[in-house]
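Asks: Compute the structure for the input listed below.
(one chain, ligands or ions: 1)
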Amino acid sequence: MAVKKTQTEPQNELTKLDKLSAYEMVNYYFEQAANKLNLPEEYRVAMKGTYRELKVQLLLRMDSGELKEFTGFRVQHNAARGPYKGGIRFHQDVDQDEVRALASLMTWKNAIVDIPFGGAKGGIAVKARELSPRELQGITRIYTRKIDLCLGPHKDIPAPDVNTNATVMGWFMDEYGRRRGYSPACVTGKPLELGGSEGREQATGRGCLFVTQDACEDSGIDIRDCAVAVQGFGNVGSNYALFMDEQGAKVVAISDVSGGVYDKEGIHIKKAMAYAKKNGSLEGFMPNNRISNEELIELECDILCPAALGGVITLENADRVKAKIIVEAANHPITPGGDEILNDKGIVVIPDILANAGGVTVSYFEWTQNLQQLHWEEEFVNNELHKKMSKAYRRVQSKSKQYGVSMRIGAFILALERVFDAMKMRGI
Ligand code: NAD
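Replies: Presented below is the predicted three-dimensional model:
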């Protein structure tokens, strides 16, 4: 690891790391991988920078009659390996730096699972859960029109992310199609009726399962002996919990924005999913077993899956993490300072750019089906996903062994090599 704790400057370096912005964090890992590859400086500049950043004003007439202003972003990072691809997030914390970081992560993620896309990300700074369905549809359509100039099935293809789902993607496709004609491949994560793919909804959680299985096999751990804690019970977290439960693991803790629940005997995941669907969150579920989101991170368990927001494992709490394996379902849930501590403790971290790549992989399958006007069966989709995820896991493992680095840096090395090769072959 680049930063080693010594007696004289123990925490200072790590403290600095935890203060990096999201984009700086990504580039901190980028630099470690680039150093291992002896990547020339001019290529580092070219590969770290973003190609295009849009910031747009969104004016929405609220149900109350008030005209409100929101800000939307679309950042295109690198398209050496194919059209820009990345989700759209509706959340009050969305800002340009985070979108830039997430766009860059998409470039590396798509390269790791070896799908023909570059990286992009978008978002709107808005409290999505406070919008009515009419307001949500309205802001989606305005945003689509505002960023329309850089979109297209062969240019930039959005997808769902936090607080956006298949319904939102359906509106997106409709709005895009009003100007450009029927183009289902302009966006992925759509409802099945509009050209969505079988298996897309559960793909990210399923992809996390596949890499967990590979990591358990490598560590000589039987999944059926594992206690699992999952933070975030949305699309990714709830499906991951369900799949782990189906594999015979004991899911002992789950949580969402309302807090969490813990039962060392295991939680009935299907009941929890039904409860969250009916009530909008886990609030009130198993009221005698409540824990906080902070407590969940530090629980006695074998596998910890942060599947909500970024920056939940830091310099402050990493030392108290007891899991043997961490599956980063969320994007950048661990700060670089936290990552150093986890590495020192010998905890296996399956990095976000590998672990949560299942969603974009099935998005790629959806795009492929749309372009060919074909429909694949779910079993076929899941099998292809399994092949892609396990192949990527093995390649990342082999890079981390070859260079003597963590899986995160191994993943960056693999991604950088692939993007670098593509840029060179294009004559950049
Ligand atoms: P989602 O909106 O469906 O669910 C998010 C969950 O996190 C909800 O249960 C919410 O209550 C919970 N949450 C929000 N704030 C929280 C907080 N402060 N503490 C604890 N829980 C909180 O989103 P999702 O699609 O499941 O995405 C979750 C994460 O996975 C995000 O980081 C996203 O970027 C990442 N991701 C998603 C996909 C995908 O295909 N959906 C793909 C790759 C990565």
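
Asks: need the residues of the stretch 251-400 of the chain near the ligand, please.
Replies: With C-beta under 6 Å from any ligand atom as the criterion, the stretch 251-400 of the chain comes near the ligand at residues 255-257, 281, 293, 307-309, 329-331, 356, 359. All C-beta atoms are positioned from the backbone trio N, CA, C, and that covers glycine.

Asks: got CSV for these, with pLDDT too?
Replies: Supplementary listing: those in CSV, determined by pLDDT from 0 to 100:
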residue, pLDDT
255, 98
256, 97
257, 94
281, 96
293, 97
307, 97
308, 94
309, 85
329, 98
330, 95
331, 89
356, 97
359, 96
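
Asks: just the buried members of those residues?
Replies: For those, a burial check counting by 16 or more other C-beta atoms under 10 Å picks out 255, 256, 281, 293, 307, 308, 309, 329, 330, 331, 356, 359.

Asks: hey, where'd the strands end up in the stretch 251-400 of the chain?
Replies: 259-262, 290-291, 303-306, 325-327, 348-350 (DSSP state E, counting those that start in this stretch).

Asks: For the last one, name the packing helices and strands.
Replies: By that I understand strand 348-350. helix 203-219, strand 325-327, helix 336-345, helix 407-425 (3 or more C-beta pairs under 8 Å, 6 or more residues apart in numbering; DSSP states H and E).

Asks: Point out the most buried one among the ones you listed.
Replies: Among the helices and strands packed on strand 348-350, strand 325-327 has the highest mean neighbour count (mean count of other C-beta atoms under 10 Å), at a mean of 26.

Asks: partners of that strand, with directions?
Replies: Using DSSP bridges, the strands paired with strand 325-327 in its sheet are strand 303-306 (parallel), strand 348-350 (parallel).

Asks: Dump those strands into CSV; add mean pLDDT as well.
Replies: Output for the strands paired with strand 325-327, formatted as CSV (pLDDT from 0 to 100):
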stretch, mean pLDDT
strand 303-306, 98
strand 348-350, 98
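
Asks: Pick the most deeply packed of those strands.
Replies: Greatest average neighbour count among these goes to strand 303-306 (a mean of 28), per mean count of other C-beta under 10 Å.

Asks: And for that strand, what's in contact with it?
Replies: Contact with strand 303-306 is made by 208, 212, 226-232, 237, 240-241, 244, 249, 297, 312-313, 321, 323-330, 333-334, as judged by C-beta atoms under 8 Å, 6 or more residues apart in numbering.

Asks: Buried only: go through those residues for me.
Replies: By 16+ other C-beta under 10 Å, the contacts of strand 303-306 give 208, 212, 226-232, 237, 240-241, 244, 249, 297, 312-313, 321, 323-330, 333-334 as buried.

Asks: For the residue in the stretch 151-300 of the chain positioned nearest to the ligand, which residues are in contact?
Replies: Closest residue of the stretch 151-300 of the chain to the ligand, C-beta to the nearest ligand atom: residue 234 (1.7 Å). Shown in contact with residue 234 (C-beta under 8 Å, 6+ apart): 162, 256, 307, 308.

Asks: What is the three-state secondary structure of the nearest residue to the second one once chain neighbours are set aside?
Replies: This points to residue 256. Leaving aside its sequence neighbours, residue 256 sits nearest to residue 233 (C-beta to C-beta, 6 or more residues apart in numbering; 4.3 Å). For residue 233, the assignment made with DSSP: H, G, I helix; E, B strand; the rest coil gives coil.

Asks: thought residue 233 was touching residue 275?
Replies: No. Applying C-beta atoms under 8 Å as the test, residue 233 and residue 275 come out as separate, 9.7 Å apart.

Asks: quick one: which of those two has more around it?
Replies: Legend: neighbour count by other C-beta atoms under 10 Å for residue 233 and residue 275, higher for residue 233 (28 against 18).

Asks: Setting the sequence-adjacent residues aside, check what's closest to the most centrally placed residue in the chain.
Replies: Centroid check for the chain by C-alpha atoms, centre = their mean gives residue 331 as the closest residue, at 4.2 Å. Excluding the flanking residues, the one nearest residue 331 by C-beta to C-beta, 6+ apart is residue 352, at 5.1 Å.

Asks: what does residue 197 give?
Replies: Closest residue to residue 197 apart from its sequence neighbours, by C-beta to C-beta, 6+ apart: residue 366 at 3.7 Å.

Asks: ditto for residue 147
Replies: Closest to residue 147 by C-beta to C-beta, 6+ apart is residue 74, at 4.5 Å.

Asks: got a list of what the residue nearest to residue 331 touches?
Replies: By C-beta under 8 Å, 6+ apart, the contact list for residue 352 reads 105, 109, 328, 329, 330, 331, 332, 333.

Asks: Of all pairs in the residues you listed, which one is the farthest apart?
Replies: 109 and 333 (14.6 Å; C-beta to C-beta).
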